[in-house]
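> What follows is a predicted structure for the sequence shown.
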Amino acid sequence: MDQFIAWFKVNFWNILTKQYVDFTGRTGRAQFWYFVLISFVINLLLGMISGGVLNLLVWLALIIPSIAITARRLHDINQTGWLQLVAIIPLLGWIALIILCVLPAAEPNKYGSAAVAEATPAPAEGK
């Protein structure tokens, strides 16, 4: 359980508390996708349980850190964070943004050194 709590802190809680509106620096692929997964699961569960106002409030609370972590992920591939505006284009924009977020890190990079706090792997079952 301690491993899971540590994993959750690195991949979600620290992003919400320490990097809520941090649009500078870089974020690695693993930490980005873990954040997306945890956000999706929380919204899905709240949607099934409450469905209404609570789900909307959580979505609103997560929108700014989601934009910030996407900007840092784009910085990791040496692109500007403004490139996420491509998602405004229906369907093709989302596909392009997903492809960009899957690309490996670019070195050297004008946005700083590689993401130091790369996400830790998920805890092993039964430990």
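That came through, no problem. Residues are numbered from 1 along each chain as shown.
> drop to CA atoms for contacts and neighbour counts, all remaining ones
Noted.
> center of the protein - which residue?
With distances taken as C-alpha atoms, centre = their mean, Phe32 lies nearest the centre of the chain, 3.5 Å away.
> Tell me which residues touch it, please.
Applying C-alpha atoms under 8 Å, 6 or more residues apart in numbering, we find Phe32 in contact with 11, 69-70, 73.
> hmm, try it at 10 Å
Contact analysis of Phe32 by C-alpha atoms under 10 Å, 6 or more residues apart in numbering lists 11-12, 15, 66, 69-70, 72-73, 101-102, 118-119.
> in what helix or strand does it lie?
Here Phe32 sits within helix 29-49, counting by DSSP states H and E.
> next structured bit after that helix?
Next along from helix 29-49, by DSSP H and E: helix 53-76.
> immediately after that following helix, which helix or strand?
Following helix 53-76 in sequence, per DSSP H and E, is helix 92-102.
> which residues touch that next one?
Contacts for helix 92-102 (C-alpha under 10 Å, 6+ apart): 28-30, 32-33, 70-71, 73-77, 79, 83-89.
> Pull out the buried members of those.
Neighbour-count burial (16 or more other C-alpha atoms under 10 Å) applied to these gives 28-29, 32-33, 70-71, 73-77, 79, 84.
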